[in-house]
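Engineer: okay, here's the prediction I keep looking at, along with the sequence it came from:
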Amino acid sequence: MTATVPAPPAETPPGVLGRADVGRDDRSLRRFLHGLPPVDEAGLERRSAWLAGRRVAASAERQVLDLAVSMVDLTTLEGADTPGRVRALCAQAHRPEPTDPEVPQVAAVCVYPDLAAVAAEALRGSPVGIAAVATAFPSGRASLPVKLADTALALDGGATEIDMVIDRGAWLAGRYGQAHDEIVAVRALVDGRAHLKVILETGELPGYDDVRRAAWLALLAGADMVKTSTGKTSPAATLPVVQVLLQAVRDWYRTTGERRGVKAAGGIRHAQDAVRHLVAVHEVAGPAWLTPALFRFGASSLLDDLLRRRRTAR
């Protein structure tokens, strides 16, 4: 995955700061977030079109597909989910292609908090992670004590990763401090026990500048990963939006020296879509992010298409 297009201009916010100062109140957060460089929308769309046209060399296709498989959070988030369905999902996560032991395991399974214990038992001894959605997924509309109880249920069940949703009502009303402080509270609860992914539900945000601001707010509050969507709204993980999140974690690293990740979730169903996103990861954030520790796909049907493509790859 080599680039021939010029790198985007540096967008690192000048001199980030003491994080405690930035997050101490709404005014400080607003000043910082609205001081971020605006997203070059036309440039972003052009770059997305260029990335969408990139192709992986045939000789590297299987390697890239295996990388994509290893980044999948295999997901079932339906009201009709049962323990049996979760166990079947875990079996698929552990051995995606039963007849081919060279196919890597996926990164994690993603389930509701009350089924985390089922997944943990089914995956006992496996390196596959147990991700659980929490904080009143998918709406995020509950009191903070309820959100924390929801998160605690997942942790007590054995979740190793928590996918929380931001309070979009607070965000859209401009109550940045409330949205920030809820992430901080969940971060404190999961610290040392689980990896924290923060879902921005980008399809409900007004534009790319809001996506950038929401990503930075989540990073300031302690997110290990910023995630596009619950998968319950549309649009979800578009290539331009994922690029904005990749820019945010890249600039966070340039500013703080800390690597944070991105999870693209919602609407990624085909192997070619996954490959395009991996090209974006390489070109926007850099090759260091081409690892399940720093990039994930949240998907239910993507894995099947990746395996289909892999069977015909060289």
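Structural biologist: Perfect, I can see it now.
Engineer: which residues touch Val128?
Structural biologist: Under the criterion of CB atoms under 8 Å, 6 or more residues apart in numbering, the neighbours of Val128 are Cys90, Ala93, His94, Gln105, Val106, Ala107, Ala108, Val109. In short, each C-beta sits where N, CA and C put it, glycine included.
Engineer: show me the two of those that sit farthest apart.
Structural biologist: Greatest spatial distance in the contacts of Val128: Cys90 and Ala107, 13.1 Å, computed using CB to CB.
Engineer: and these two? Which one has more around it.
Structural biologist: Each of Cys90 and Ala107 has its neighbours counted (other CB atoms under 10 Å); Ala107 has more, 26 against 23.
Engineer: which residues touch that one?
Structural biologist: Ser70, Met71, Val72, Asp73, Val128, Gly129, Pro292, Arg296.
Engineer: which ones among the residues you listed are found in helices?
Structural biologist: Ser70 (DSSP state H).
Engineer: let me have the contacts of Ala107 in a markdown table, extended by pLDDT and distance to Leu219.
Structural biologist: As requested, the contacts of Ala107 are arranged in a markdown table below (pLDDT from 0 to 100; distance: CB to CB, whole Å):
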| residue | pLDDT | distance to Leu219 |
| --- | --- | --- |
| Ser70 | 98 | 24 |
| Met71 | 98 | 20 |
| Val72 | 98 | 23 |
| Asp73 | 98 | 20 |
| Val128 | 98 | 26 |
| Gly129 | 98 | 21 |
| Pro292 | 98 | 19 |
| Arg296 | 98 | 16 |
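Engineer: can you tell me which of the contacts of Ala107 lies closest to Ala52?
Structural biologist: Nearest to Ala52 among those: Met71, at 18.9 Å, using CB to CB.
Engineer: touching, that closest one and Leu294? I think so.
Structural biologist: No: counting by CB atoms under 8 Å, Met71 sits too far from Leu294 to count as a contact (9.3 Å).
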